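Visitor: Sequence first, then the predicted structure, then my questions.
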Amino acid sequence: MISILMPAFNAETFIRCAIQSILDQAVEMPMELIVVDDGSTDATPDIVREMSQDRQFIRLIQTENQGVSAARNRLLQEFSTASKFVAFLDSDDAMPPNRLSRDLALLQADPGLEFIYGKQALLTSEAADMMPEFTPRTPTIRGVSVNVATFRAQTIRDHVPFNTTFTHGEDADYLMKLFERKPKVHFLDDASLIYRQRAGSLCRDTAALNRGVMRAALESSRRRRKDPTLHSIEGIFENENIGELLYQSRAQAQMRKGLPDYSVIIPSHNAAEFLPEAIASIKDQTHPSSQIIVVDDGSTDNTQDVLSKLFPDVELIAQPQSGPGVATNTGIAAARHDILAFLDADDLWQPDKMERQICLLCLEPSIDLVFSTVESFQHGDCQLAVDDEVSGFCRTSLCARKSAFDKVGKVTDYGTRAGEMIDWFTRAAEQGLVTKLIELPLARRRLHNNSMTAKKKDHIAEDYLDVVKDAIRRKRALRKAQK
């Protein structure tokens with residue numbers, strides 16, 4: 001037997017279509033459809049009664065309005081003990097033809113499978129009692145929804161109930177808890193749900209849904225930090241990716257309070273001309289920092305006067321000129337927070353850079369380093385070529401856990417030569433640190449005639465070659481030690 005579980009609230013416009021899509025499934029086993037009406041004030045229960053005539057496998061349960069999570073939990077209590085399989089369907093969506101027969105065949109062919117997880121076809125339709133037009137060319141996405149899954153019933157019986165404190169995103173919380181224990185799942189690229197996009201639907205309230213998914217993701221992150229046996233959920237879902245959903249909820253103050261603070265480190269040498277704009281781009285962040293550190297690496301211009309007059313709250317550390325590597329290490333040593341960000345004194349950030357990157361770190365405890373792509377722009381009469389968006393594995397785009405530097409060690413002292421960060425990134429890769437690239441230009445690289453790149457353009461290849469040689473030496477030393 002398979003049990004189809006449907007919560008419903010004021011769904012008179014679409015529930016007939018939803019139920020009909022179940023009736024049209026070609027299933028060669030007993031079926032039950034249970035509808036929990038969550039205190040509807042429209043004709044929803046009347047329609048279910050009408051469609052249940054001569055169909056004893058359709059059962060209606062009416063409750064007072066308690067919310068969708070409570071309705072789903074009541075469904076979990078009510079489905080038959082004889083059921084071997086379970087599927088969910090919301091009352092304003094529909095199942096594609098042959099979805100259940102396809103999923104059941106896969107589950108029966110592999111007894112070890114716990115559930116099938118497909119995609120949802122996104123269709124815009126306000127038409128009542130009509131199946132939205134669905135073709136194999138309809139765009140699909142692997143969303144965060146129990147409605148795209150067909151479960152082995154024992155998996156549902158062994159799992160936790162839905163969290164009734166969620167008004168939106170309750171199935172995201174339910175699924176993340178399930179995926180954290182790394183069940184055996186068959187992922188399909190075919191549609192398992194016709195997801196009707198329309199005005200007024202509960203889950204189409206985008207801001208509220210994003211807040212719910214953000215909360216679920218943050219709670220998942222906290223659980224996995226406490227219990228290292230739980231598994232990552234990164235890469236399972238495609239809702240613009242979960243980090244993007246976290247970011248989209250930033251306007252909600254209560255959600256932003258959950259993002260941790262961070263320290264910003266700016267190595268600087270004779271950059272008084274550019275520092276005000278660089279620091280302003282930090283202060284303009286949607287998730288601002290409480291600690292900005294400028295390490296003045298032996299400047300001979302008026303850097304310190306500029307900072308004291310314009311930014312007295314910025315922490316200034318002055319040192320003899322030692323190069324950007326040593327300056328970076330000095331800043332790291334002074335940082336108070338567990339998340340670090342870096343900005344070269346002549347570069348800039350986009351306002352949403354840090355919030356996007358920290359959201360990703362909150363989501364995935366396994367990630368050590370987050371980068372973004374970088375766009376470059378010319379300053380003055382600089383003749384350096386302007387790149388389009390590049391990968392951005394550089395100091396200006398880096399957001400890192402402070403623990404990453406404990407694992408990898410300090411930035412190598414290359415003096416005034418270039419390549420110290422490339423060397424550190426190489427060592428981080430050798431240590432197995434986990435890196436994520438956000439493919440958005442969240443940082444801007446200024447090209448000007450006084451930059452290290454411009455001054456050393458005829459010799460920078462030699463500096464980078466030294467970095468390669470150091471990497472080869474480490475690899476040889478490691479092989480020798482392993483013999």
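Guide: All right, it came through fine. Numbers count the residues shown, from 1 in each chain.
Visitor: Moving C-terminal from the lowest-mean-pLDDT helix or strand in the chain, which element do we reach first?
Guide: Least confident helix or strand, the chain: helix 253-256 with a mean of 39, by mean pLDDT, DSSP states H and E. Remark: after helix 253-256, the chain's next helix or strand is strand 263-268, criterion DSSP states H and E.
Visitor: Number of residues surrounding Leu440?
Guide: 16 (other C-beta atoms under 10 Å). C-beta: built from backbone N, CA, C; applies to glycine.
Visitor: Ala11 now?
Guide: Ala11: 26 surrounding residues under other C-beta under 10 Å.
Visitor: Doesn't it belong to a helix?
Guide: No - going by DSSP: H, G, I helix; E, B strand; the rest coil, the assignment for Ala11 is coil, not a helix.
Visitor: That one contacts Pro45, doesn't it?
Guide: No - assessed by C-beta atoms under 8 Å, Ala11 is found out of contact with Pro45, at 9.9 Å.
Visitor: Check what contacts stretch 80-89 and list those residues.
Guide: Stretch 80-89 is contacted by residues 1-6, 18, 21-22, 30, 32, 72, 75, 79, 95, 100, 103-104, 107, 146-147, 149-153, 156, 171, 193 when judged by C-beta atoms under 8 Å, 6 or more residues apart in numbering.
Visitor: Which members of those are positioned in strands?
Guide: Ile2, Ser3, Ile4, Leu5, Met6, Glu32, Ala149, Thr150, Phe151, Arg152, Leu193 (DSSP state E).
Visitor: what pairs with the fifth one across the strands?
Guide: Read that as Met6. Val35 (DSSP bridges).
Visitor: Give me the distance between it and Val68.
Guide: To Val68, Met6 is 11 Å away according to C-beta to C-beta, to the nearest Å.
Visitor: now do the first one
Guide: Computed as C-beta to C-beta, the Ile2 to Val68 distance reads 22 Å.
Visitor: shared neighbours of Met6 and Val68, anything?
Guide: Residues touching both Met6 and Val68 (C-beta under 8 Å, 6+ apart): none.
Visitor: more neighbours, those two?
Guide: Applying other C-beta under 10 Å to Met6 and Val68 shows that Met6 carries more neighbours, namely 27 against 22.
Visitor: wait, the more buried one sits on Ala18?
Guide: Yes - here Met6 reaches Ala18: they are 6.9 Å apart, a contact under C-beta under 8 Å.
Visitor: okay, and the common contacts of these two?
Guide: Common contacts of Met6 and Ala18, defined by C-beta under 8 Å, 6+ apart, comprise Leu89, Asp90, Ser91.
Visitor: And the residues you listed, which is closest to Gln431?
Guide: Asp90 (45.7 Å; C-beta to C-beta).
Visitor: Just list the residues touching the closest one, thanks.
Guide: When contacts are counted by C-beta under 8 Å, 6+ apart, Asp90 touches Met6, Pro7, Ala18, Asn147, Cys203.
Visitor: Equivalent analysis for Ile282, please.
Guide: By C-beta under 8 Å, 6+ apart, Ile282 lies in contact with Val264, Pro288, Ser289, Ile292, Leu343, Trp349.
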